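> everything below, folded, please.
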Amino acid sequence: MSTARTRRLIVGITGASGALYGVRLLQRARTLGIETHLVATPAGILNVHHEMGLGRTELEALATQAHSPGNVGACIASGSFTTDAMVIAPCSMKTLASVAHGFGDNLLTRAADVTLKERRRLVLMVRETPFNLAHLRNMTAVTEMGGIVFPPLPAFYHRPQTIDQLIDDTVERVLAVLQIEAARPTEWQGL
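Numbering: from 1, shown residues only. Model prediction:
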């Protein structure tokens, strides 16, 4: 008799604009019963506070477990700790470059490296524009390693009326990419 393991998701939040994506992902994962492991960089914490008015304690309370970026010995730094996927939302260009070049110099980038080496889904919601050639090459490198580059570009075909609807649809699309059956992205209805 086997028992089903609870799904585990690592969520990274960096200093790029768009902290709401990571926060909403944590909130939605909780409603779906997904165990979440949060790693927020110092710049990510600043951004969450600046963009949303949340402090570190409030942010960390949204996750099942929060990890310090300096704790490279945390469970999520090991491939033997089974997770289903990792999403970095938002993902700064610095973090993208670190992942693209295998710099596991903090827990966030180490966990991303482990996710790739274990052939698990890694989604990077890159959030800087315009892109320069280094950004594009780093995105290509991550894609070639099996990662998924997912800039949070909003869809408008469903005629969203609020920013929350735009954010929610993007988060649901990310959950669909992670093959979460309960994901509810807005479907195109045609003309």
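> so where's the chain shaky on pLDDT?
Within the chain, the segments meeting pLDDT under 70 span 1-5, 189-191.
> tell me where it has helices.
19-31, 42-52, 56-60, 93-100, 107-117, 133-144, 163-177 (DSSP state H).
> count of neighbours near residue 93?
18 (other C-beta atoms under 10 Å). For every residue, glycine as well, the C-beta is placed using N, CA and C.
> for the residue nearest to it when sequence neighbours are not counted, give me its contacts.
Nearest non-adjacent residue to residue 93, counting by C-beta to C-beta, 6 or more residues apart in numbering: residue 128, 4.9 Å away. Contact analysis of residue 128 by C-beta atoms under 8 Å, 6 or more residues apart in numbering lists 16, 92, 93, 135.
> now do residue 9
29, 34, 35, 36, 37, 83, 84, 85, 86, 87, 178.
> change it to 10 Å
25-26, 29, 32, 34-38, 63-64, 83-87, 121, 175, 178, 180 (C-beta atoms under 10 Å, 6 or more residues apart in numbering).
> please apply the same query to residue 166.
20, 152, 153, 154, 155, 156, 158, 160.
> number of residues surrounding the second one?
Burial of residue 152, expressed as a neighbour count using other C-beta under 10 Å, amounts to 20.
> ok, now how distant is it from residue 22?
Residue 152 is 10 Å from residue 22, where distance means C-beta to C-beta, to the nearest Å.
> shared neighbours of those two, anything?
By C-beta under 10 Å, 6+ apart, the residues touching both residue 152 and residue 22 are 89, 90, 91, 125, 171.
> ok, now how distant is the spatially closest residue to residue 158 that is not a sequence neighbour from residue 165?
Spatially, and ignoring its direct neighbours in sequence, residue 158 is nearest to residue 186 (4.1 Å; C-beta to C-beta, 6+ apart). Remark: distance between residue 186 and residue 165 (C-beta to C-beta) = 9 Å.
> thanks a lot, catch you later.
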